[in-house]
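1. predicted coordinates and the sequence they were generated for:
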2 protein chains.
Amino acid sequence: MAVYQQVLTDDGFVKQEQLHFPFEERGLQFGDGIYEVIRIYNGHYYLLTEHIDRLYRSAKAIRLHLPFRKQDLCKQLLELLEVNHVRTDAKLYLQATRGSAPRDHAFPNAAINFYAYIEDLPRPTENLLQGVETITTPDVRWQHCHIKSLNLLPNVLAKQEAIDHGCFEAIFHNNGKVTECSSSNIYIVKKGIIFTHPETNQILHGCVRSKVKQFATSLSIPFVEKRFLLEDLSRADEVFLSSSTSEIMPVIKIDGYKVATGQPGALTKKLQHAYEQDAGIRD
Amino acid sequence: MAVYQQVLTDDGFVKQEQLHFPFEERGLQFGDGIYEVIRIYNGHYYLLTEHIDRLYRSAKAIRLHLPFRKQDLCKQLLELLEVNHVRTDAKLYLQATRGSAPRDHAFPNAAINFYAYIEDLPRPTENLLQGVETITTPDVRWQHCHIKSLNLLPNVLAKQEAIDHGCFEAIFHNNGKVTECSSSNIYIVKKGIIFTHPETNQILHGCVRSKVKQFATSLSIPFVEKRFLLEDLSRADEVFLSSSTSEIMPVIKIDGYKVATGQPGALTKKLQHAYEQDAGIRD
C-alpha cells in the first residue's frame, strides 16, 4: 500500500523520505512511546476525536507530555488529509516517543518525536462478508494493555503464529480466560446476548468496541461486559472481532473448529450494517 | 558520555551521524527486536561470549534470524574496539530488529537492522563502595522476561519511579514475590546464604548473575536459586544487585528503610572482590 508523500511531524509537514531517526531514539531502543491507527473512509477520518482522546490517555499513563493541544493536533491531522489530497479509504498511523537521547532507562531531557502518516487501505470486504479463521494463544503481555504503547512484541509474535496457521487473527487467553486478540477486541454471542471482556487494564479500550456497545444498545441487543472462557468461545452462537482496520469482523473458525455453522452470524451482520451507516460508508 | 565515532552495522562500519532509520522500522514501531549491553574494561570486553550466546537465545525466542555466525560477530565486535581505538572503561550496546518494512504486525520480508556502538562508561566506584538506595514496585512486565527484547517500557517507567524517589534502582515484585530489578538481578543474603530468583521466564538470565553463582561456589558461599518475598528483603542481612554496568552493587536502603545496618555487607564485598579479579580490573 502506498504511503502518502507528506508526513506530519513535530517539525511540521515533511516528505516521507526526509523523515529519519537516529540510532539513539526512545522508540527504537525502549519502545518508549504510544500510537494510534485511525480509519479513513473516502478521505474522512472515522472516530478521530475518540482516537485522539485515547492518545492523550495513553500519554498520561506513560507520563509522556504531548506538547500540543488536542484541538490543534486534530486540526493538523485534517490538514494532513488536505495536503495529501486523500480521497480514498485509508488509515492514519501516528506515534509519539520520548525523543532522541543517549540511551538510559530514565526519562531523557528531550523533545518528543511525533509523526503521522497516511496509507491507502481498502476495506477488507471479502473477509467482512465471509468471516475469518483464528487461533487461540496464551496472553503473555504486560499488565497495562489498556495503554496503546509501542511494546508490541507479544502481539507481533501472536499475529505471526496466526498467519503461520493460515489464520487472520490470534485470540489471547489468560489461563483460559479470553481477553482480546493481537490487534482487535473480541466478542461472543450466546442466546442473543453479546459478551465481551470488561474495560480493565487487560485489554485495549477499543474505539470501535465503544461503537459496538452503542450499536448493540440501539438495536436492543443486550451487551454484557464480562470475562468469558475458551470453552464459551467454542460453544458460542456467533463470534466477532472489532478494530479500526477490521471493522466488525465475523469469526467463522477457531483453532480449526467451526463457530456454530461456520457462517457469519445474524447479529454480527446487523452490527456490520450499523457500522457502515455510522461510518457513512457508501458502496 | 561520548559515543565512539565508528558504529558496526549489517552494512559494515559507518560513522554514527550516517546511521539513520526510516519511520517504518520494526524496532521503532513494535519494539520488535533484541539487544545486549556488554561491559568493556580498559578496552577489552568482559563476558563477550556469554552475551553473544544470550543474544542468539533471544533471537531464537522471538524467531529472529541473525544472518551471521557467532564467531564472525565476535570478530567484528573486536574490530569495532580497534577501529575506535578504545582504551577506556566503556560499554558496547548492540541491537537487532526485524528490519524496515511497511507497518504490519506479521513478520516482514525484510533484512534485519543491526547496529553496535561503544560509549565511554567509567565504573560506578562511589556507588560500589557506598551502596545504593532502591524502591519496590509491582512487576507488570510480560511473561517472557528471559528474552532481552526492546519492549522496555515497564522497565523505563520503574527506573524513572526510582529516580523520582532519589533512588538508583526499582525492585520488581509479583504479588510480593521478588523477581529482579528494572535493569539488574537481585540477591539477598540471610545467615550466610545467598538467595536469588531461579532462572525462569520471570527474570533475565544475567551474565553477571552466572558469575555471581560461580564466585559464590568458589568462595564456598551457599547459592540458592529460590523465590523470596518482599518481607525477606526487609529482613535480609545483605542485599545486592548485579548487571553488566552495575557490577555487584550493594543495596543499603529499600523504600527508605535501611538494609541491616545500612552498610554494604561482608559477603557482598567478597563477591565484588571476586568480580574485580575475574574482570581483570586494575585500580
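-> Done, it's in. Numbers count the residues shown, from 1 in each chain, chains lettered A, B, ... in the order given.

2. residue A:167 touches residue A:127, doesn't it?
-> No - in this structure residue A:167 lies outside contact range of residue A:127 using C-beta atoms under 8 Å: 11.5 Å. To be clear about C-beta, it is placed using only N, CA and C from the backbone, and glycine gets the same treatment.

3. neighbour count: the two, which is higher?
-> More neighbours surround residue A:167 than the other of residue A:167 and residue A:127, with 20 against 16 (other C-beta atoms under 10 Å in any protein chain shown).

4. by contact count, what packs against the helix or strand where residue A:36 lies?
-> Counting by DSSP states H and E, the element that carries residue A:36 is strand A:33-41. Applying 3 or more C-beta pairs under 8 Å, 6 or more residues apart in numbering or on different chains; DSSP states H and E, one finds that strand A:33-41 contacts helix A:48-61, strand A:90-97.

5. up against chain B, what does the stretch 51-200 of chain A have?
-> Residues of the stretch 51-200 of chain A lying close to chain B by C-beta under 8 Å from any C-beta of the partner chain are A:62-63, A:93, A:95, A:97-98, A:102-103, A:105-107, A:115, A:117, A:119, A:138, A:140-144, A:149-157, A:159-160, A:163, A:182-183.

6. among the residues you listed, which ones are buried?
-> Neighbour-count burial (16 or more other C-beta atoms under 10 Å in any protein chain shown) applied to those gives A:62, A:93, A:95, A:97-98, A:103, A:105, A:107, A:115, A:117, A:119, A:141-144, A:149-157, A:159-160, A:163, A:182-183.

7. filter these down to the ones in helices?
-> Of these, the ones assigned to helices by DSSP state H are A:153, A:154, A:155, A:156, A:157, A:159, A:160, A:163.

8. hmm, the second one is touching residue B:141, no?
-> Looking back up the chat, that one is residue A:154. No - counting by C-beta under 8 Å, residue A:154 stays clear of residue B:141, with 10.7 Å between them.

9. for the residue in chain A positioned nearest to chain B, which residues are in contact?
-> Going by C-beta to the nearest C-beta, chain B is nearest to residue A:31 of chain A, at 3.1 Å. By C-beta atoms under 8 Å, 6 or more residues apart in numbering or on different chains, the residues touching residue A:31 are A:149, A:150, A:151, A:152, A:153, B:27, B:30, B:31, B:150, B:151, B:152, B:153.

10. out of those residues, which is nearest to residue A:279?
-> residue A:152 (25.5 Å; C-beta to C-beta).

11. quick one: pLDDT of the closest residue in space to the closest one that isn't next to it in sequence?
-> Excluding the flanking residues, the one nearest residue A:152 by C-beta to C-beta, 6 or more residues apart in numbering or on different chains is residue B:30, at 4.2 Å. Among the per-residue scores, residue B:30 holds a pLDDT of 98.

12. what's the answer for residue A:282, then?
-> At residue A:282, pLDDT is 71.

13. can I see the domain layout of chain A?
-> Domain assignment of chain A by automatic domain parsing yields the ranges A:6-120, A:125-279.

14. can you give me the strands in the stretch 51-200 of chain A?
-> Remark: strands assigned in the stretch 51-200 of chain A by DSSP state E, counting those that start in this stretch are A:90-97, A:113-120, A:132-138, A:169-174, A:177-181, A:185-190, A:193-196.

15. center of chain A - which residue?
-> What sits nearest the mean C-alpha location of chain A, by C-alpha atoms, centre = their mean, is residue A:243, with 4.7 Å.

16. quick one, helices of the stretch 151-283 of chain A?
-> Secondary structure of the stretch 151-283 of chain A, counting by DSSP state H, counting those that start in this stretch: helices at A:153-164, A:207-218, A:230-234, A:266-278.

17. can you add mean pLDDT and give those helices back as TSV?
-> As requested, the helices of the stretch 151-283 of chain A are exported to TSV (pLDDT from 0 to 100):
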stretch	mean pLDDT
helix A:153-164	98
helix A:207-218	98
helix A:230-234	96
helix A:266-278	98
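
18. so for residue A:195, which of the ones you listed sits nearest?
-> Of all these, helix A:230-234 sits nearest to residue A:195, with 7.3 Å by C-beta to C-beta.

19. what sits against residue A:49?
-> Listed by C-beta under 8 Å, 6+ apart, the contact set of residue A:49 reads residue A:74.

20. ok, now with 10 Å
-> For residue A:49, the contacting residues are A:70, A:71, A:74, A:207, by C-beta atoms under 10 Å, 6 or more residues apart in numbering or on different chains.

21. one step back: out of the helices of the stretch 151-283 of chain A, which comes closest to residue B:202?
-> Across the helices of the stretch 151-283 of chain A, residue B:202 has its closest neighbour in helix A:153-164 (15.1 Å, C-beta to C-beta).

22. for the closest one, C-alpha coordinates in PDB please.
-> What follows is helix A:153-164, C-alpha atoms only, in PDB (Å, rounded to 0.1, in the frame of the first residue of the first chain):
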ATOM      1  CA  LEU A 153       6.400  -7.800  20.500                       C
ATOM      2  CA  PRO A 154       3.900 -10.300  22.000                       C
ATOM      3  CA  ASN A 155       1.300  -9.000  19.600                       C
ATOM      4  CA  VAL A 156       3.700  -9.400  16.700                       C
ATOM      5  CA  LEU A 157       4.500 -13.000  17.700                       C
ATOM      6  CA  ALA A 158       0.900 -13.900  18.200                       C
ATOM      7  CA  LYS A 159      -0.200 -12.400  14.800                       C
ATOM      8  CA  GLN A 160       2.600 -14.300  13.100                       C
ATOM      9  CA  GLU A 161       1.500 -17.500  14.800                       C
ATOM     10  CA  ALA A 162      -1.900 -16.900  13.400                       C
ATOM     11  CA  ILE A 163      -0.500 -16.300   9.900                       C
ATOM     12  CA  ASP A 164       1.600 -19.500  10.200                       C
END
